[in-house]
Structure formats: C-alpha cells, structure tokens
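> Fold the following and give me the result.
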Amino acid sequence: MKNTCPIVFVHGVAGWGGDAGLNRALPYWGGDAGSIPKYLGKQGYECYTASVGPFSSAWDRACDLYAQLAGTRADYGAAHAAAHGHDRYGESYEALVPGWGEGRKIHLVGHSFGGATARLFTQLAEEGSAGERAATPAGELSPLFGGTLKGRVVSVTAIAAPHNGSTVLEPQVGGSSGVVEFMTGVARAATDLPLERLYPMHLEQFGITFKEYLRAPRETDEALDAFIGESDCARQDLSVDGAAALNGTIRCQPGVYYFSYAAQMTEADAGGNQVPRKGILPPLRQVAEDMGRRREPFRTAGGILVDDAWLPNDGQVNVISALYPFGEPHQDYDPAGPRPGVWQVMPVVEGRDHFTMTAAVGPWGSARFLREFYLSLAKMLAGLPQANP
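Numbers count the residues shown, from 1 in each chain. Modelled structure (predicted):
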C-alpha cells in the first residue's frame, strides 16, 4: 500500500534550510535549478526543508531537527549540555510539519552530514537516550530522549553522506586545517554581521549570536574559536575516527527503511590514482586529487585502516564511506523487495560531485538530472509500506 508521508530534507555542513534568506536566492536543494522540494510539491509530494546548525555536531543537529518538527524549543539534553559546557536550551521553532506524530509519519532525506543527522534523530526517536533519562530531573525530559516517538519515521535516505567519515580531514591526506579555516571564516562572518536571517547559525546554546557579538565581540569570537575546536562540532563527527565513534551510538532500527546513494566524480589514471573527472566543480578539484592520490596505507589514530579502497570520491566524501556505515546490515537495492532495518545500497551515481547531487550552480550540475533523480526518489518513497507499527 502506498503512503503519502511528507518528505523532510536535511542539509549538510555549511548548508541552510528553507527559513534562510539565502534559500530564496539559491535553494540548497536545487540551486540554479530552482527549489527541488517545490518542484516535487507541484508533482503532488508534500515536502519540507529543515534548518539545523550548519557546523553543529550530529547530536545538536538532531535536537534542532526535533524542535522544528515538534514546534518547540531546542533541548540538547541535560547530560549532553553539561558534558560540552553549553546551555541546555536553544532556539524555539514553529512546527515544520503540521500534525507530525504517530498518525502522520515522515521520510527523512539527508545530504552529506544531513545523513548522520537523520540517522541519529531516528535512533533517538525510536530508543531515546538512557544517559539523558538518568541525568534529567523528573518532568523535564524531552520526548526525544524518552523513547516515546517510535514509528514516526518511515525511511532515512542518505545522499553522498560520510557515514564513515572523510579522509579530507586526515593529516596524511590533506589535513583538517583548511576545513577548520573554512568553518571558522563562514561562522565568523555569519555571527559578526547581521546575517542571522540570511544564514542562520543555530548556535544560541553556545552564546554565539550577532546580538552577543554586539555586546561582547571579543568574547563571542573566542567562543566561536572554542566551538570549532570542540568535540561538539561537525568537524569531529566528520573525521574517520569521529564517524566511527558516532556510528557506535546508532543502529538500524528494525521498522525503518534505509537508503544510501554514493556519488563518484573521479576515475583511475595509469598510476592507480583517482583523478577528478571533467566537469567537477572547480573548488573541489584539488580536494578530489588529494583524496584520490595513492599513498602507503595508514591507520588513523583510532586504528582504522585507510587504503586504496578509500581513493574513489566525489570531491568531499569517499565512495566507500558513502555506501553504508561499516558494520551495519546492508544489501544492494532490489526494487522488488527493499527491507526495513537494512541499508539498501543504491547504485553509485557516476559523474556527479558532492554538491551537484543537490544543486546546479552556473554551468555545473544539471537541472534535468536533479529533477529526475529526486522525482524518482519521491516515487520510491511513496511506494514503501509504512513499516513501523
């Protein structure tokens, strides 16, 4: 039996949602192709775009997502807030999906780090958090941590998601300095200027807002530097070891469908390197070269082996990382019988880089590809039974 469950799109690192002024000029989901969620809406699919912390950790982003879906104030949990030295509560939201609940389930579609956000959110919705239950005074526990939201997510789709981290953050490949500088620069511009409506940062829990900057500029910039270097930041979860630690807290839920699309924008050369293909976005060319260059296999600080299997990439994420989280049940996608509780590994999307999987920008990307890809995805999701009880 087909379903009419709404589709909620969750952006990746440095991204933005439908509430951002920037989205009117350049939709995160679509770019120059126009808003893909709006396009799907015209085809009869109900779609929404979430807005979570562009550089926040998967945990904080999952809490942002819940607050938006439920129409409440973001609660990052008493235990989590204490462990990371920030306020327990953040921004308040109006309900993103009217009537979301047991009788109105959703599909989650996450690009890049939005995949981890959707996975962790679903984990918390289904099982809650024992640590938060133990640390929270009676009557103050967020429903997200209580394990009382079972059955509200039908499916999770991850697009070019670094399930197992990205080697772009590994010192042997290119190091994280460029990533840190990028995060700091964008976050500082969005905080030190009145851009919150244009590009929301969702860092109220850290006291990092334009209002705070006006009151105490030096302290706010110092807080931002500390946040980027903290473990409660996307940078940590995106590393190979950080992703492994995050994966240790998430498991496939038996009543939820999981789909994963990897993209590849490199090809092998005569020396066994993976080199960028023609048409890759210019800012991704050097990154793709660095990630695809053959080198002696090495182990991360956490002991994870990085060898030639990690070379193919989309300019940001290794193909091997985007297929499925290591250790999770998985199978190649069978249109005749996708199973809940198991990653359905979709065919690798060839000739698309990390960003043209979601947006056409100038001469790069393809509006036709995006519309066809996401319409096909929406049709597949609509064909799923509502597996959760």
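> His80 in helix, strand or coil?
What DSSP: H, G, I helix; E, B strand; the rest coil gives for His80 is helix.
> Apologies, that question was intended for Phe373.
Looking at Phe373 with three-state DSSP, the answer is helix.
> any idea of the pLDDT on it?
Here, the pLDDT recorded for Phe373 equals 98.
> can you pull the contacts of it?
Val349, Met357 (C-beta atoms under 8 Å, 6 or more residues apart in numbering). To be clear about C-beta, it is placed using only N, CA and C from the backbone, and glycine gets the same treatment.
> chain center to stretch 14-27, what's the gap?
15 Å (C-alpha atoms, centre = their mean, to the nearest Å).
> what sits up against it?
Contacts for stretch 14-27 (C-beta under 8 Å, 6+ apart): 11, 28, 32, 34-38, 48-52, 54-55, 111-112, 114, 182-183, 186, 197-200, 359.
> What's the mean pLDDT across it?
94.
> next one: stretch 260-280
Stretch 260-280 comes out at a mean pLDDT of 97.
> returning to that earlier point: give me the buried subset of the contacts of stretch 14-27.
11, 28, 35-37, 48-52, 54-55, 111-112, 114, 183, 186, 199-200, 359 (16 or more other C-beta atoms under 10 Å).
> In strands, which of those appear?
Tyr48, Thr49, His111, Ala359 (DSSP state E).
> What count of nearby residues applies to the residue lying closest to the second one once chain neighbours are set aside?
Looking back up the chat, that one is Thr49. The shortest distance from Thr49 to any non-neighbouring residue, by C-beta to C-beta, 6 or more residues apart in numbering, is to Gly18 (3.7 Å). When neighbours are counted by other C-beta atoms under 10 Å, Gly18 registers 20.
> what secondary structure does Gly18 sit in?
Following three-state DSSP, we place Gly18 in the coil state.
> Now do the phi/psi pair for it.
phi -70, psi -20 (degrees, to the nearest 10).
> do the same with Arg218
Torsion angles, degrees, to the nearest 10, at Arg218: phi -60, psi -50.
> That one: neighbour count?
Neighbour number of Arg218 under other C-beta under 10 Å is 8.
> Mind listing residues that contact stretch 187-202?
16-17, 19-22, 51-56, 60, 64, 74, 90-91, 203, 208-210, 213, 217, 220-221, 224, 227-228.
> Please indicate which of those are buried?
Buried among these (16+ other C-beta under 10 Å): 16-17, 20, 22, 51-56, 60, 64, 74, 90-91, 203, 208-210, 213, 220-221, 224, 227-228.
> Now tabulate the ones in strands among the buried ones among the contacts of stretch 14-27 in TSV and tack on pLDDT and distance to Ile159.
Shown next, in TSV, are those (pLDDT from 0 to 100; distance: C-beta to C-beta, whole Å):
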residue	pLDDT	distance to Ile159
Tyr48	98	16
Thr49	98	14
His111	98	5
Ala359	96	12
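> out of these, who's nearest His80?
His111 (24.5 Å; C-beta to C-beta).
> Surely that closest one and Met357 touch.
Yes. The pair His111 and Met357 passes the contact test of C-beta atoms under 8 Å, sitting 6.7 Å apart.
> tell me, what's touching those two both at once?
Ile159, Ala160.
> Next, Cys63: phi, psi?
Backbone torsions for Cys63, taken as degrees, to the nearest 10, come to phi -70, psi -40.
> Now do the contacts for it.
Cys63 neighbours (C-beta under 8 Å, 6+ apart): Ala74, Asp75, Tyr76, Gly77, Gly90, Ser142, Leu144.
> one more time with 6 Å, if that's ok
Ala74, Tyr76 (C-beta atoms under 6 Å, 6 or more residues apart in numbering).
> And for the spatially closest residue to Ala301 that is not a sequence neighbour, the neighbour number?
The shortest distance from Ala301 to any non-neighbouring residue, by C-beta to C-beta, 6+ apart, is to Asp241 (5.9 Å). For Asp241, the count of nearby residues is 16 (other C-beta under 10 Å).
> Asp241 sits in which helix or strand?
If you go by DSSP states H and E, Asp241 is part of helix 240-247.
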